[in-house]
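Trainee: Let's see this in three dimensions:
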Amino acid sequence: MSPTPQRSRTAGGTAFHEAGSGEPLVLVHGVGMRLEAWGPQIEALSRTHRVIALDMPGHGESKALPAGAPLEVFVDWLGRTLDELALDRVNLAGHSMGALIAGGSAARFGPRIARVALLNGVYRRSPEARAAVLARAAEIAGGGAVDFDGPLRRWFGEGAEHEPAYRLTRGWLSRVDPAGYATAYAAFAGGDATYADTWPEIECPALFVTGDGDPNSTPAMSRGMAEAAPKGEAAIIEGHRHMVNLTAPDEVNRLLSDWLRR
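Mentor: Numbering: from 1, shown residues only. Predicted coordinates for the structure are as follows:
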């Protein structure tokens, strides 16, 4: 995939990149990222599927949502986008904030979601973790200088500054629209419990992937969601942290390919 893939736009202002043909697979990235973050998955999975990677609202080239929009409004956005793309039934994968949107969509849209995959998804944060992420959201909303180095250290670990995935991610973060970032981060901070009780009702095959070293989207969270979902499966990638789609692309692509055959 090229560094700046060609984008199209829906009538509602969502930017997307499409590749391949066959059964549709929709990809939603996380806060501060853009659809390029799915590069390894687009390249691999478009050989067997019609892959549609979206820029989340206020990110990349997509129109922003109103300030203060909660997770439910991001889920509404995805539903409208599927309508605009005339997608009646899709496989849906999300990373981080995109995982919250994917999980909420599986709860809200029922059979329209054939399969759902959450990469580095959060689920029922501890009170301490919730307080920390809400404090960061308030700081970002206040308009001060945004600290990207802290998240990058959590996502990649110490000493990863020269790794290609780190440099790519740092570049995307540095170009994100501050208002779009603030809105998405606030929804991410407050959304970990929004649809948490719905997993027992979600009947489609559900895959939950994270790195064993991810301090925020922990293995326990992925296992907890997998245990709650009737057709849930957890996969923990050893030696990796938050950006598994970039740091462990071969393993992630294998897991997603198996999930798409379930």
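Trainee: in whichever helix or strand A220 is part of, what counts as buried?
Mentor: Assessed by DSSP states H and E, A220 sits inside helix 219-228. Across helix 219-228, burial judged by 16 or more other CB atoms under 10 Å covers P219, M221, S222, R223, G224, M225, A226, A228. Where you see a C-beta, it was placed from the backbone N, CA and C, and this is true even at glycine.
Trainee: Return the closest of those with respect to A186.
Mentor: Nearest to A186, judged by CB to CB, of the buried residues of helix 219-228 is M221 at 20.0 Å.
Trainee: hang on, that closest one packs against R124?
Mentor: Yes. M221 lies in contact with R124 (CB atoms under 8 Å); the separation is 7.2 Å.
Trainee: Is Q41 in contact with N245, as I believe?
Mentor: Yes. The criterion here is CB under 8 Å, and Q41 meets it with N245 at 6.1 Å.
Trainee: what residues are shared contacts of these two?
Mentor: V252 (CB atoms under 8 Å, 6 or more residues apart in numbering).
Trainee: Would you map the strands across the protein?
Mentor: Ranges of strands in the chain, per DSSP state E, are 8-9, 15-19, 24-28, 50-54, 90-95, 113-119, 206-211, 232-237.
Trainee: Quickly run through the sheet partners of the last one, with directions.
Mentor: Sheet neighbours of strand 232-237, with direction, are listed as strand 206-211 (parallel) (DSSP bridges).
Trainee: Burial check on R47, number of neighbours?
Mentor: 12 (other CB atoms under 10 Å).
Trainee: How about the contacts made by the closest residue to it other than its chain neighbours?
Mentor: Of all residues not flanking R47 in the chain, G20 sits nearest, at 6.6 Å (CB to CB, 6 or more residues apart in numbering). G20 makes contacts with L45, S46, R47, T48, H49, R50, V51, as judged by CB under 8 Å, 6+ apart.
Trainee: how about a cut-off of 6 Å?
Mentor: G20 is in contact with S46, H49, R50, V51, counting by CB atoms under 6 Å, 6 or more residues apart in numbering.
Trainee: Please name the nearest non-neighbouring residue to the second one.
Mentor: Nearest residue to H49, sequence neighbours excluded (CB to CB, 6+ apart): L25, at 4.5 Å.
Trainee: For that neighbour, list each beta-bridge partner.
Mentor: With DSSP bridges as the rule, L25 is bridged to V51, N91.
Trainee: And I113, by the same measure?
Mentor: Beta-bridge partners, per DSSP bridges, of I113: V90.
Trainee: tell me the pLDDT at it?
Mentor: The model reports I113 with a pLDDT of 98.
Trainee: And V209, by the same measure?
Mentor: Listed pLDDT for V209 reads 98.
Trainee: pretty sure it contacts E233?
Mentor: No. With contact defined as CB atoms under 6 Å, V209 does not count as touching E233 (9.3 Å).
Trainee: Among these two, which residue is more densely surrounded?
Mentor: More crowded of V209 and E233, by other CB under 10 Å: V209, with 29 against 17.
Trainee: for the more buried one, which residues make a bridge with it?
Mentor: In beta-bridge terms (that is, DSSP bridges), V209 pairs with L119, A235.
Trainee: Cool, thanks, talk later.
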